[in-house]
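Visitor: Dropping the sequence and predicted coords here.
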Amino acid sequence: MSRPAPTDRRATRGDEPLLSVRDLRTVFYTDKETIHAVDGISFDIYPGETVGLVGESGSGKSVTARSILGLVDEPGAIENGEIRFKNTELVKEGWDDRRGEIAIIFQDPSNALNPVYTIGNQIREALNIHQGLTGAAARERAIELLEAVGIPDAPRRVDEYPHQFSGGMAQRAVIAISLACDPDLLVCDEPTTALDVTIQAQILDLLTDLQQKEDLAILFITHDMGVIEETADRVNVIYAGEIVESAPTELLFSDPEHPYTTALLESIPGRTPPDEQLPTIEGEVPTPNGPSEACRFAPRCPLAVDECREKVPDTVSVDDRVEHSAACIFAGEEYGNRGEEL
Amino acid sequence: MSRLTYLFKRVLMTIPVIWLGTTITWAAIYMGPIDPASRLLSQGQTRNPAAYEAAQTQLGLDQQPLEHYLDWMTSLVTFDLGQTWLLYEGSNVNSLILDFLPRTLLLGFWSVVIAILIGVPLGFYAGLHSNTMSDYFASFGGIVWRAMPNFWLAIMLLAVLSISPQVFGFQLNWETLFIEIDSISGSPDMSRIWTVDGFLEATKKVLPAAVVLGSASMGNEMRIGRTAMLEVRNEKYIDFARAKGVSDRALVWKHIFRNALIPLIPIITSEAFLLIGGSVLVETVFGINGVGWLFYQAAIQGDLPLVGTLMYIFILITVGINLAQDMLYTIIDPRVGLEGS
C-alpha cells in the first residue's frame, strides 16, 4: 500500500527533542477511587515543531498540559513517568528553574488574566522575572509585545484592565504575556475554543507567525480536527488517558490506523456527502478509574473482537520511518481486510 | 467620570437617605404611641388636663405637626436641638452625646479592628492551607466563635477574668496585667485618651467588651476570607501566573490577596455600622456608659431631641461607611465602574 511521502520535520532536523514525555501517569485521588486521568503516555516535541494532542472532552488533554507545566494540584499528582525538558527531568527536579520556558495559553482568555491588574502590569511582571526589565524599559517592551501580537493602539491599551479587552484581544494579550517569558515551548490548551470562528482563524495565524519568528515549539491541544489539520506537524490522538495513535498530520488524516482516529475523522462535518447523516461515536469516554485491563475504546469500537476486551493492545509501530504508531491489535493490517469484516 | 465627580455625585445621593431616615424618626416619635408629655408628668398629675397642656407647651408639642416638623428638621441638621426632654432632664443634647459617644466609638473601633486583624488573616491562612489540620482547627474555631451569643460570651469572659483561680487554677490578675486599670468592667476614662498611657488604659478597659462585640464578625470574616482565598487560589489566572514563574510569595500577596479582599469589603463594612449602634447588651454587661444604652433609653421614653440627634449621627456614620466602601471598591477592583448605569 502506498503512503504519502513523509513530510516530517524530524528527518531534516535531527535535533534532540525539546520535550520528551515518557510513560507519564497523572492520577487524581478521590474517596472512592483513583482516576488515571493521564495513563502512561509518551511523546516528543522537537524544537520549532507543532505537535497536536487531540481527543474528546474528558480524555485527559488538559491534564497532560497541566502535568507538563507542573500545575497539577491536590488531589492530583504525577504518579509515574518522566518529563524531560532541555536536559532537566522536571518531575524529579521540579519546575522552578524552568518556569517561563514552557508557557501556556488557556482556553478562556478572560480567566487567564488577573482582573485587578492592568495588561501592562502583567506583561511587565513576566519581563521583570525573565528578562530583568523594569520601569520605562519594561513598559516599552510591553508595548512592543502588544504590537507584535496585533493589538492596535498598544500604548493606550497597555494601561487597560482585562475586562476592557474583547475575547480575541484578551487572547492576544495572553499570548503577549507568554512571549514576555521568552519561552521555547508554548502549550496551547484549546486556545481558540472560546472564540468565534473569524477570531479563531486570526489567532491561529498569529500563532503560526510567532512560531516562525521566535522558533517556538508548540503543543497544540484541541478537540477540533479541522484546527489540528491546519496547525500541527504531528498528531497524537488521546483517548481515556492513553495515546492511541501518533503520526505525522498528513498521514493521520489520509491513512488512520486506529479505529478511534477513523471515527473522529468521519465525524468532521463536510467530509460526509451532504445528503447523508454525519456519523458520530456512540457512547462516552470512560473514566479510567484503574490500570487498564483491556482496550479502553473496545466498548465503542465497531471492530472490537473478544481479544480487545481481554488484553491491553500493544502500541505497534506502523511505519518506523515516520514514527507512525497505533495501539490497536489491527494496526498495520490492510484496511481492506477490515472493511470486509464489518 | 473622575473619582472626584463620582464622590460628589455619591454625596448628593446621600441627601435623600438622610432626609428619609430622620423624617421617619420624627414621625415614629411624634405620631407614635409614646407620649413624652405624659411621661414628663409625675404620677399624680397625669390626669390633670391643665398640667398636661403645660407639659405639651413646654415640649413644643402643641404646635401644628408640619410646623413642628420643619422646626425640628432645621434644628436637627445644624445639630441645634437644645435640651433633652426626659433623659438627664434638661441637659444639653450635644454635650450629652459628646460625653457618651466616644466610649462607644472606642469600643466599636476595637471590636472592628480586632475582628479584622484576627478573622481575616486566620481565614486567609485556612484558605491557603485548605483541608489540613490547621484549616480544620481554624474553621471549627470560627464556627464556634460565631455561634456563641454576645450576652453569654460577655458573662463568661467576665467570669474568667474575675475568678480565674477557679477556672485556670492560677491567679490571673487582669487588672494589673501589663497596664494597671482600676476594675475589670466599667467605662473607660476618655479624658486622657490623647495621651499614650490614657489611650492604653482606655483600650485595655474596653478590650474584653470589644472581643465579645467583634466575636461574630471575626467568625464571619474568617469564613468568608477562607472561601474567598480558596476560590481565588483555584482561578486560571493563578495557574497562569504560576506558569509565568511568579514566586509563591508574590503569587499570594500580589495575585491572590487583592482578589480575595473584594468579597470581604462588604462583610467588613456591614459589620462596622452594626457595631456602632448594636452594642446595648455588651455595654450593659460590661457596665460601659455608651451610646447604645443612651439610645435605648431615649427611644423608649420618646425623648425626641436626643433620639433624633443620635439617629442623625448613626445615619451619617452609616452613609459615610457606605460611601467609603464604594470608594474602596473602585480602588481595589477596577471592574467596578464609576459610570452610572
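Guide: That came in fine, so what should we check first? Only a predicted model underlies this, so the values are computations on that prediction, with no experimental measurement involved.
Visitor: mean confidence for stretch A:218-238?
Guide: Stretch A:218-238 carries an average pLDDT of 91.
Visitor: how long is that stretch from one end to the other?
Guide: Start-to-end span of stretch A:218-238 (Cα to Cα, to the nearest Å) is 17 Å.
Visitor: which stretch of helix or strand covers the residue of the stretch 101-250 of chain A found nearest chain B?
Guide: At 3.8 Å from chain B, residue A:111 is the closest residue in the stretch 101-250 of chain A, using Cβ to the nearest Cβ. Every C-beta, even on glycine, is put in place using the N, C-alpha and C of the backbone. Following DSSP states H and E, one finds residue A:111 within helix A:109-112.
Visitor: Check residue A:325 too.
Guide: strand A:324-326.
Visitor: which residues touch that strand?
Guide: Strand A:324-326 is contacted by residues A:244-248, A:251-252, A:257-258, A:261, A:315-318, A:331-332 when judged by Cβ atoms under 8 Å, 6 or more residues apart in numbering or on different chains.
Visitor: and if we set it to 10 Å?
Guide: Strand A:324-326 is contacted from outside by A:3, A:6, A:8, A:42, A:234, A:236-237, A:243-248, A:251-252, A:255-261, A:313-319, A:331-332, using Cβ atoms under 10 Å, 6 or more residues apart in numbering or on different chains.
Visitor: so where does residue A:245 fall, helix or strand?
Guide: Judged by DSSP H and E, residue A:245 forms part of strand A:242-248.
Visitor: Show me how far the next helix or strand after that strand is from its chain's centre.
Guide: Using DSSP H and E, the helix or strand that directly follows strand A:242-248 along the chain is helix A:249-254. Distance of helix A:249-254 from the chain centroid (Cα atoms, centre = their mean, to the nearest Å) equals 17 Å.
Visitor: Can you mark which positions in helix A:249-254 are buried?
Guide: A:249, A:250, A:251, A:252, A:253 (16 or more other Cβ atoms under 10 Å in any protein chain shown).
Visitor: Just want the phi and psi numbers for residue A:102.
Guide: phi -110, psi 110 (degrees, to the nearest 10).
Visitor: would you list every one of the strands in the stretch 101-250 of chain A?
Guide: Listed in chain order, the strands found in the stretch 101-250 of chain A under DSSP state E, counting those that start in this stretch are A:102-105, A:185-189, A:217-222, A:234-239, A:242-248.
Visitor: Can you check what pLDDT the model gives the residue nearest to residue B:154 when sequence neighbours are not counted?
Guide: The shortest distance from residue B:154 to any non-neighbouring residue, by Cβ to Cβ, 6 or more residues apart in numbering or on different chains, is to residue B:285 (4.0 Å). According to the prediction, residue B:285 has pLDDT 86.
Visitor: Look at residue A:304 and tell me its secondary structure.
Guide: coil (DSSP: H, G, I helix; E, B strand; the rest coil).
Visitor: With adjacent residues omitted, what lies nearest to whatever residue of the stretch 1-150 of chain B ends up closest to chain A?
Guide: With Cβ to the nearest Cβ, the shortest gap between the stretch 1-150 of chain B and chain A falls at residue B:131, namely 7.8 Å. Excluding its sequence neighbours, the residue lying closest to residue B:131 (Cβ to Cβ, 6+ apart) is residue A:74, at 7.8 Å.
Visitor: Using JSON lines, please lay out the strands of the stretch 101-250 of chain A together with mean neighbour count.
Guide: Below are the strands of the stretch 101-250 of chain A laid out as JSON lines (neighbours: other Cβ atoms under 10 Å in any protein chain shown):
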{"stretch": "strand A:102-105", "mean neighbour count": "27"}
{"stretch": "strand A:185-189", "mean neighbour count": "25"}
{"stretch": "strand A:217-222", "mean neighbour count": "25"}
{"stretch": "strand A:234-239", "mean neighbour count": "27"}
{"stretch": "strand A:242-248", "mean neighbour count": "26"}
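Visitor: Can you convert those into a markdown table and add a column each for distance to residue B:323?
Guide: A markdown table is the format used below for the strands of the stretch 101-250 of chain A (distance: least, Cβ to Cβ, whole Å):
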| stretch | distance to residue B:323 |
| --- | --- |
| strand A:102-105 | 41 |
| strand A:185-189 | 43 |
| strand A:217-222 | 48 |
| strand A:234-239 | 55 |
| strand A:242-248 | 59 |
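Visitor: Residue A:23 - how many residues pack around it?
Guide: By the criterion of other Cβ atoms under 10 Å in any protein chain shown, residue A:23 has 11 neighbours.
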